[in-house]
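> pasted the sequence and its predicted model underneath.
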Amino acid sequence: MLSFGEPGRLIALLILPFLVYLYKIYREKKKKSALKFSSIGIIKESLNKKRSFRMHIPFILILIAILLLIAGLADPKIPLKTAKEGINVVLVIDDSGSMSATDYKPTRLEAAKRAAKILINSLQPKDYAGIVIFESGATTACYLTPFKEKAIEKLMAIKQRNGRTAIGDGLSLAIDMATSIPNKKKVIILLSDGVNNAGVITPEEAIKFAKSNKIQIYTVGMGSEKPAILGYDFFGNPQYAELDETTLKKIARETGGKYYKSVNENTLDEIYKNIGENIERDWEQVSIKDWFFATVLVVLLINVYIIYGKYRIVI
């Protein structure tokens with residue numbers, strides 16, 4: 001939708017009706033002069049409708065040029081998908097002990113790294129990518145960078161850890177990272193397969209932090225169609241991986257993102273591919289005033305040709 005950076009300048013368009021009025025007076029005076037001094041043949045020729053319209057073309061072009069000039073001075077803008085500034089994309093990956101489960105091949109963590117690589121490769125050249133991992137606490141694996149190959153190198157170097165799950169800490173660190181480079185839209189993709197049971201920051205506090213910084217969070221829950229056994233306790237009872245979908249859905253919903261559920265490595269790859277392709281990009285108002293000024297020049301050149309060229313019109 002067309003908008004104007006300086007809409008107040010459009011008031012100058014009020015001069016156009018005044019110019020039309022002056023032109024009408026000028027034409028009437030010229031017509032009276034022609035009737036007074038011209039022969040009957042010239043008078044008949046002057047009354048020819050086709051020729052009469054042609055006589056007005058130079059003035060019409062002048063009006064168009066003035067209209068475009070005033071519109072250009074008002075700084076017209078149109079919304080275009082932002083590509084100049086790009087997006088800060090931070091991947092937050094659960095690196096807790098449950099990510100060593102082998103229901104995803106070869107492990108949940110390795111499947112998550114492979115899927116994250118797909119997303120990083122789908123980003124645009126001016127997007128920045130960063131990586132945060134979390135278990136009992138949160139750690140930066142890769143600072144925001146426009147160099148996707150560097151981010152992938154850091155991603156693939158992530159090693160399995162055995163801590164618990166501090167979702168709030170991971171999100172908070174990711175928010176700090178996302179805001180470290182200003183003037184860009186900020187998006188976080190959080191992946192977890194567990195329940196928040198560690199850390200000093202709660203998911204609710206992290207949500208408030210994200211909303212205050214206008215950060216959109218996509219969440220991905222890693223689970224299986226059947227419960228994944230992580231090991232056995234002292235008494236030989238199996239220990240299962242637990243997925244807290246309620247918290248992940250809440251994080252996505254309250255920050256304007258979306259929640260995805262993965263059940264195997266294939267669905268996980270597809271989810272990250274879709275997120276990369278469908279990240280909502282901001283619209284920025286791009287000035288097109290130079291287009292208006294260029295059009296003014298073209299219109300004036302056409303007008304000069306009509307008045308002085310081969311098929312010139314005498315005014």
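In hand now; what should we look at?
> all the strands of this structure, residue numbers only.
3-4, 76-81, 87-94, 128-134, 138-145, 185-192, 216-222, 229-232, 238-240, 259-262, 283-287 (DSSP state E).
> gap between the first one and the chain center?
The one in question is strand 3-4. Between the centre of strand 3-4 and the centre of its chain there are 19 Å (Cα atoms, centre = their mean, to the nearest Å).
> leaving aside the residues next to it on the chain, what's closest to Thr219?
Nearest residue to Thr219 in three dimensions, chain neighbours excluded: Leu248, at 4.1 Å (Cβ to Cβ, 6 or more residues apart in numbering). Every residue, glycine included, has its C-beta placed from N, CA and C.
> poorly predicted segments of this structure, please.
Filtered on pLDDT under 70, the chain yields the residue ranges 34-52, 80-84, 228-236, 238-240, 283-284, 310-315.
> longest helix of it?
helix 49-73 (DSSP state H).
> which other residues reach that helix?
4, 6, 9-10, 12-13, 15-16, 19-20, 23, 45-46, 289-290, 292-293, 295-296, 299-300, 302-303, 306-307, 313, 315 (Cβ atoms under 8 Å, 6 or more residues apart in numbering).
> hmm, 7 Å instead?
The contact list for helix 49-73 (Cβ atoms under 7 Å, 6 or more residues apart in numbering) reads 9-10, 12-13, 16, 19, 23, 45, 289, 292-293, 295-296, 299-300, 302-303, 306-307, 313, 315.
> same check on stretch 265-275?
104-105, 111-112, 114-116, 118-119, 122, 189, 218, 220, 222, 260, 262.
> all helices of the stretch 101-250 of the chain, in order?
Shown for the stretch 101-250 of the chain, the helices assigned by DSSP state H, counting those that start in this stretch span residues 108-122, 148-156, 167-178, 203-212, 245-254.
> most tightly packed of these?
Across those, the average number of neighbours (mean count of other Cβ atoms under 10 Å) peaks for helix 167-178, which reaches a mean of 26.
> packing partners of it?
If you count contacts as 3 or more Cβ pairs under 7 Å, 6 or more residues apart in numbering; DSSP states H and E, helix 167-178 packs onto strand 87-94, strand 128-134, strand 138-145, strand 185-192, helix 203-212.
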